[in-house]
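1. Coordinates for the following, if possible.
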Amino acid sequence: MTDTKYIFVTGGVVSSLGKGIISSSIGKLLQARGYNITIQKFDPYINIDPGTLNPYEHGECYVTVDGMETDLDLGHYERFTGIQTTRANSLTTGRIYKAVIDKERRGDYLGKTIQVVPHITNEIKRNVKLLGEKNHYDFVITEIGGTIGDIESAPFLEAIRQMKWELGKNAVSIHLTYIPYLKAAGELKTKPTQHSVKELQSQGIQPDILVLRTEKHLDESILKKVASFCNVDIDCVVQSEDLPSIYEVPVNMQNQGLDTAILKKLNMPVGETPSLGPWKSFLERRNNAKEEVVIGLVGKYDLQDAYKSIRESLSQAGTYNDHKAVLKFINSETLTDDNVAESLNAVDGVVICPGFGQRGIEGKITAIKYTRTHDIPTFGICLGMQMMVIEFARNVLGYADANSREMDEKTPHNVIDIMEEQKDITMMGGTMRLGAFDCKLRQGSRVIDIYKQDHIQERHRHRYEFNNRYITEYERHGMQCVGRNPESDLVEIVEIPGLKWFIGTQFHPEYQSTVLKPHPLFLDFVKTAIANKQ
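-> Predicted coordinates:
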């Protein structure tokens with residue numbers, strides 16, 4: 001067993017350069033060489049997790065199998081590498097400080113003055129090393145959120161500086177930075193990158209490898225200039241230019257020898273370059289898919305990161321059905337009976353998106369009534385499934401006032417109700433039904449045909465549930481409760497067998513769809529949407 005190697009990925013100049021995609025690509029390339037890897041994300045904000053953040057602030061909240069609410073980059077890690085992340089793969093400043101304060105209150109540091117250095121930095125280092133030591137990974141890739149120079153990330157950078165010093169040849173630092181193109185001057189500028197590296201050096205960290213984000217191809221002279229001004233070997237400067245899809249990035253990085261540069265820096269054998277066969281055939285299928293299938297996303301957040309995993313799952317399912325999934329956002333806040341036909345007439349299938357709270361729910365219910373009565377393939381996820389249940393109660397069972405307790409405390413027909421164990425909870429963060437739970441599928445149902453097994457496990461993130469008092473009535477009128485939790489008997493899946501595709505899931509299947517193992521529900525939904533179009 002060799003020592004675990006540590007790779008630190010930092011970002012400079014501006015945020016949103018794609019550190020998560022680069023980290024995922026590095027993981028993919030090292031995996032292809034037979035190494036056992038994991039990737040963790042450190043977020044400098046003080047929230048304990050992003051569970052209480054508005055998606056406009058931070059994009060979607062991703063959920064791990066063990067029920068940790070995390071940054072959406074963990075979704076990229078899992079989609080690219082097929083690994084399963086856990087709470088150990090996601091840390092925030094809030095969690096680090098809380099751990100240190102809890103220890104101080106217990107008396108672990110008795111007599112000591114608690115300081116950022118060494119106490120906070122030691123806690124960060126402990127969490128980095130823990131992953132490697134506990135699970136015997138060959139590589140632990142650690143991505144630091146934010147941008148060099150942010151006041152919040154200083155303790156993380158200090159911890160990296162110390163670790164690089166302590167680990168010597170077992171650690172490598174990769175800095176992702178930006179080369180802007182100035183249109184007026186017709187020039188690419190390296191100065192922001194030089195400043196960013198200088199800032200990193202002032203923290204005591206010399207980057208070993210630079211990844212340059214750029215919208216235009218960089219010629220050899222620019223790469224040489226960056227290498228010489230930033231004290232980095234020329235074969236350790238790679239460019240990450242804009243590509244048609246994020247899934248092209250690992251191949252692009254491999255072509256430029258990023259994995260080779262990492263192995264050389266760590267004094268490891270380089271060997272043959274792996275072929276990335278299955279990954280390349282996925283890309284080939286993706287590039288060859290010319291026909292389009294249009295899927296409407298009915299939700300309230302007009303921001304692509306808000307439904308990131310759903311968008312990627314649909315896109316992957318499109319590829320495997322040899323179609324290009326074209327996603328059309330439909331704002332549920334502006335949907336009414338008057339404009340619903342016009343909004344939905346050009347789509348082949350509809351996803352009713354998840355979410356929380358009152359805003360935009362009546363529009364979702366309007367969309368569902370339209371898709372149900374016009375037999376348009378419909379997929380409701382989490383709150384989307386709950387809206388399917390409410391729409392059915394109002395328009396089929398005849399309970400005009402049916403609602404969820406979340407939206408209307410006093411509704412006489414609470415077809416969606418708060419879960420028993422949630423009733424006394426007063427804290428918002430991390431208290432929902434979170435993570436993977438079992439679900440048993442009914443024989444003869446559409447979903448058992450799709451999954452090809454009767455026992456599944458899917459990830460949850462919600463507080464409210466289908467009210468089992470109404471099951472008999474629903475089933476008598478045509479909506480079947482075909483997936484149930486074997487322990488609690490909670491309803492996990494509803495479907496209307498008489499329609500082409502009308503399925504709602506209380507869980508979030510999008511969290512388990514990966515590039516090489518797309519989720520069966522999305523595959524079947526997109527397949528039906530394509531058939532519907534024809």
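
2. which one is residue 296 nearest to, not counting chain neighbours?
-> Once flanking residues are discounted, residue 296 sits nearest to residue 347: 3.8 Å by CB to CB, 6 or more residues apart in numbering. Bear in mind the C-beta positions are built from the backbone N, C-alpha and C, glycine included.

3. where's that neighbour relative to residue 377, distance?
-> According to CB to CB, to the nearest Å, residue 347 and residue 377 sit 9 Å apart.

4. Then residue 330?
-> For residue 330, the distance to residue 377 - CB to CB - is 15 Å.

5. before we move on, back to that, what's the residue nearest to residue 296 in contact with, if anything?
-> With contact taken as CB atoms under 8 Å, 6 or more residues apart in numbering, residue 347 is in contact with 294-296, 328, 330, 376.

6. ok so it is a helix residue?
-> No. Under the criterion used here (DSSP: H, G, I helix; E, B strand; the rest coil), residue 347 is coil, not part of a helix.

7. Please report phi then psi for it.
-> Main-chain torsions, residue 347, degrees, to the nearest 10: phi -100, psi 150.

8. What residues are bridge-paired with residue 440?
-> On the basis of DSSP bridges, residue 440 is bridged to residue 455, residue 484.

9. So what's the residue count around it?
-> Look at residue 440: counted by other CB atoms under 10 Å, it has 16 neighbours.

10. In this structure residue 307 contacts residue 300, no?
-> No. At 10.4 Å, residue 307 does not count as touching residue 300 under the criterion of CB atoms under 8 Å.

11. Contacts only, for the closest residue to residue 412 other than its chain neighbours.
-> Spatial nearest neighbour of residue 412, chain neighbours left out: residue 401 (6.1 Å); criterion: CB to CB, 6+ apart. By CB under 8 Å, 6+ apart, the contact list for residue 401 reads 394, 411-413.

12. what's the answer for residue 217, then?
-> Applying CB under 8 Å, 6+ apart, we find residue 217 in contact with 239, 241.

13. I'd like the distance between it and residue 188.
-> 9 Å.

14. what about residue 167, which SS state?
-> Of the three states, residue 167 takes helix according to three-state DSSP.

15. Isn't it up against residue 4?
-> No. Residue 167 is beyond contact range of residue 4, at 9.1 Å (criterion: CB under 8 Å).

16. worst-scoring helix or strand of the chain, pLDDT-wise?
-> Among the helices and strands of the chain, helix 55-58 carries the lowest confidence by mean pLDDT, DSSP states H and E, at a mean of 74.

17. who's in contact with it?
-> Contact with helix 55-58 is made by 50, 61, 71-72, 301, 303, 305-306, as judged by CB under 8 Å, 6+ apart.

18. shaky segments in the stretch 351-500 of the chain?
-> In the predicted model, the stretch 351-500 of the chain carries pLDDT under 70 at residues 419, 421-431.

19. follow-up on the earlier one: which pLDDT value does the model give the residue nearest to residue 296?
-> Residue 347 is assigned a pLDDT of 96 by the prediction.

20. same deal with residue 110?
-> pLDDT for residue 110: 86.

21. Tell me which helix or strand it sits in.
-> Using DSSP states H and E, residue 110 falls within no helix or strand.

22. That one and residue 104: what is the separation?
-> Distance, residue 110 to residue 104, using CB to CB: 9 Å.

23. Same question for residue 244.
-> As judged by CB to CB, residue 244 and residue 104 stand 51 Å apart.

24. more crowded one of the two?
-> Counted by other CB under 10 Å, residue 244 and residue 104 do not tie: residue 104 has more neighbours, with 14 against 9.

25. how close does the more buried one sit to residue 91?
-> Where residue 91 is concerned, residue 104 sits at a distance of 18 Å (CB to CB).

26. Next: residue 407.
-> 34 Å.

27. So between the two, which is more surrounded?
-> Set side by side, residue 407 and residue 91 show more neighbours around residue 91, with 26 against 17, by other CB under 10 Å.

28. who's the closest residue to the more buried one other than its chain neighbours bridged to?
-> Leaving out its chain neighbours, the residue that sits closest to residue 91 by CB to CB, 6+ apart is residue 42, at 5.2 Å. On the basis of DSSP bridges, residue 42 takes part in beta bridges with residue 91, residue 144.

29. was I right about residue 42 contacting residue 156?
-> Yes. Between residue 42 and residue 156 there is a contact under CB under 8 Å: 5.4 Å.

30. Need the overlap of contacts for the two.
-> With contacts defined as CB under 8 Å, 6+ apart, the residues shared by residue 42 and residue 156 are 124, 144.

31. can you give me phi and psi for residue 480?
-> Here is the backbone geometry of residue 480 (degrees, to the nearest 10): phi -100, psi 140.

32. Can you tell me the closest non-neighbouring residue to it?
-> Spatially, and ignoring its direct neighbours in sequence, residue 480 is nearest to residue 495 (5.5 Å; CB to CB, 6+ apart).

33. For the one you found, give me phi and psi.
-> Residue torsions, per degrees, to the nearest 10, at residue 495 are phi -150, psi 160.
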